[in-house]
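Asks: Predicted structure and sequence below. I'll ask about it afterward.
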Amino acid sequence: MAKIIFLIFISLYIFSSGQYESDIVEGTKTYNVVKGSTYNFIFKAIDNGTYVIIFPQHFQLLEATGEIHEDVNIDSGFYSLVYAQKFVKGDYIKLEYPKLTVIEKTSTMKIKIEKIDAYFKLKTISNPVIFTMAVNDCQKPIYIFTYNNQAESYSNYFTFYGKIHSGEFIGSYRTTEFNPDGSLNKDFKDLTVSSATALPRLIYLNIVKLQCTEPGLISIYMENDPFYSFTDEIGLMGYKSGITYRESFSNANLPTNAYIQVFNLIGSTSIDLTQIGGRKYNNDFYTKINLLSSYSTKTFDFPVQNLDSYTMILSIFNIGESTDKIATEKENILVLPNKRIIIPLKIITDKKHIKITSSIKGFYWEYQYSQTDDINYLPKIGYDSKNFQKGNVTFIDNPYKYKKLKTDYKMFISITHNNNEGVIFNYEYTNGNENENENNNGNDNGKNENYNSSSKAWIWIIIIIVIIIIAFIAWYFYRKKKMESISNINNQNFESLMTES
């Protein structure tokens, strides 16, 4: 019996330890954590509202219900220090903490939950941060989160820049480390959105707050010590002095064309491409260069000269012809897994939205811009820059509905998916109600609901298996005990008979 009790205790411990459940209410919550351990947290909404939850280290989101944020795709693995959502009573999230790090000592850990009427960009795992968004509601701020993974290093910090395509924006950034005992919205210093702003180096969680004074479209760039080089498919680099990039095309299928495009986000540069048949280019440019077969055995230098005290450039360096499909309005177009379609946006000013419909739930989209309408110059769509649509319908703001355009770029929408089969997409310009998108999201959680159901099913299967194992062990020891008892009775009867005889 002692062994049975021990086994039951161990089984119950395995399934009950390491999990915290809590209501989503404002305040600071304290939890005991043990060195080297991981924990599951479940947060349940008891009212309606937008809440932000901030942890001291990265977590992984495991499950979520309700109107999940566009930066979040659970199936692809969402890791962050911060989670925010417009919750409805009954919604819940489940996450595992910590991820990407370990608990170094047994201690207490604090998290912050704050109810705030705002929008959020959940980019704390991204480096660099690159995205373009439309902002219509100038009553609500937008909080952007990044983290310095080596906050003690003076050479490791983010520089913020915002390219305003239309509208007007103001911004600020937090100057002190976030304290879970305090408010999210404190110690902010104003910044000039379209200038370079060095964010604090010696704090772990950087927080930038933006707000429109006139609705419009804006691209955000946050660069952390040149992370991508000029010859990558997409590069974002800040310069205080010149630099020379060295590149080999030994892995390229030559001969082919290279499509190169550069935007001087801050300042101006001179880039020398003469070694591969180009020329010196100043400021913004795009060019097509033929890469010869003989280039496969050579190495080339690309000097980049900074013409100002500080510059930041966005570069696209595509080798080979684009295989992307160009979509036509109201046309059904088949897109295979991990392929993409491009919607070249027309200058239509009397339609508010572009409605995108997918035959299967779950796809990605993002705004892109270019100096030319040739899609060979567009950057490849990346996980960190694109938005996830969990349903099969979304309404995207038409960038040309805004007045006072500040850039004259060609605008595009890129769409892709990673479903296991081909998906048919369709789009159209419309003045339809964007709340259809919210209703679709709210009533149809797509893959995430399937994920939740599957996860719950597995939990019940495991519990049932454990119960069966415990029952089998209990039956085994019960049968063994009964056989021993019968054997003892038989032995006693035998001894009694022997005594009588």
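Replies: Great, that's in hand.
Asks: which SS class is the residue nearest the centre of the chain?
Replies: Most central in the chain under C-alpha atoms, centre = their mean is residue 71, positioned 4.7 Å from the mean C-alpha point. Put simply, residue 71 is coil when judged by DSSP: H, G, I helix; E, B strand; the rest coil.
Asks: again, but for the one 4 residues further on
Replies: Reduced to three states with three-state DSSP, the structure at residue 75 is helix.
Asks: any idea how far it is from residue 415?
Replies: 18 Å (C-beta to C-beta, to the nearest Å). Heads up, the C-betas are built off the backbone N, CA and C, glycines and all.
Asks: Surely the residue nearest to the centre of the chain and residue 126 touch.
Replies: No: in this structure, residue 71 is not within contact of residue 126 by C-beta atoms under 8 Å, at 9.2 Å.
Asks: what are the ranges of the helices in the stretch 351-500 of the chain?
Replies: Assigned by DSSP state H, counting those that start in this stretch, the helices in the stretch 351-500 of the chain fall at 435-443, 446-500.
Asks: quick one: average confidence on the shortest one?
Replies: Helix 435-443 carries an average pLDDT of 40.
Asks: And stretch 137-152, by the same measure?
Replies: Mean predicted confidence for stretch 137-152 is 85.
Asks: and if you look at stretch 98-114?
Replies: On average, stretch 98-114 scores 94.
Asks: Low-confidence ranges, this protein, go.
Replies: Across the chain, the ranges flagged by pLDDT under 70 are 1-17, 150-156, 225-228, 382-383, 433-466, 471-472, 474-501.
Asks: where along the stretch 1-150 of the chain do the strands fall?
Replies: All strands of the stretch 1-150 of the chain, identified by DSSP state E, counting those that start in this stretch, fall at 19-24, 27-33, 39-45, 49-64, 78-87, 92-97, 107-115, 119-122, 129-135, 142-147.
Asks: wait, which of these is closest to residue 394?
Replies: Proximity to residue 394 (C-beta to C-beta) singles out strand 129-135 among the strands of the stretch 1-150 of the chain, at 12.4 Å.
Asks: any idea of the angle that closest one forms with strand 142-147?
Replies: Going by axes from the mean of the first three to the mean of the last three C-alpha atoms, to 10 degrees, strand 129-135 is angled at 170 degrees with respect to strand 142-147.
Asks: Output strand 129-135 in CSV with nothing but the alpha carbons.
Replies: Taking C-alpha atoms only, strand 129-135 is exported to CSV below (Å, rounded to 0.1, in the frame of the first residue of the first chain):
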residue,chain,number,x,y,z
VAL,A,129,12.7,45.8,-35.9
ILE,A,130,11.2,46.6,-39.3
PHE,A,131,7.5,47.1,-40.0
THR,A,132,5.0,49.4,-41.7
MET,A,133,1.6,50.1,-40.2
ALA,A,134,-1.5,52.3,-40.8
VAL,A,135,-2.7,54.3,-37.8
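Asks: strands paired with that strand, and their directions?
Replies: Strand 129-135 has its sheet partners listed here by DSSP bridges as strand 216-224 (antiparallel).
Asks: From the chain's centroid, how far away is the strand it pairs with?
Replies: 15 Å (C-alpha atoms, centre = their mean, to the nearest Å).
Asks: ok, now stretch 301-317?
Replies: How far stretch 301-317 lies from its chain's middle: 28 Å, per C-alpha atoms, centre = their mean.
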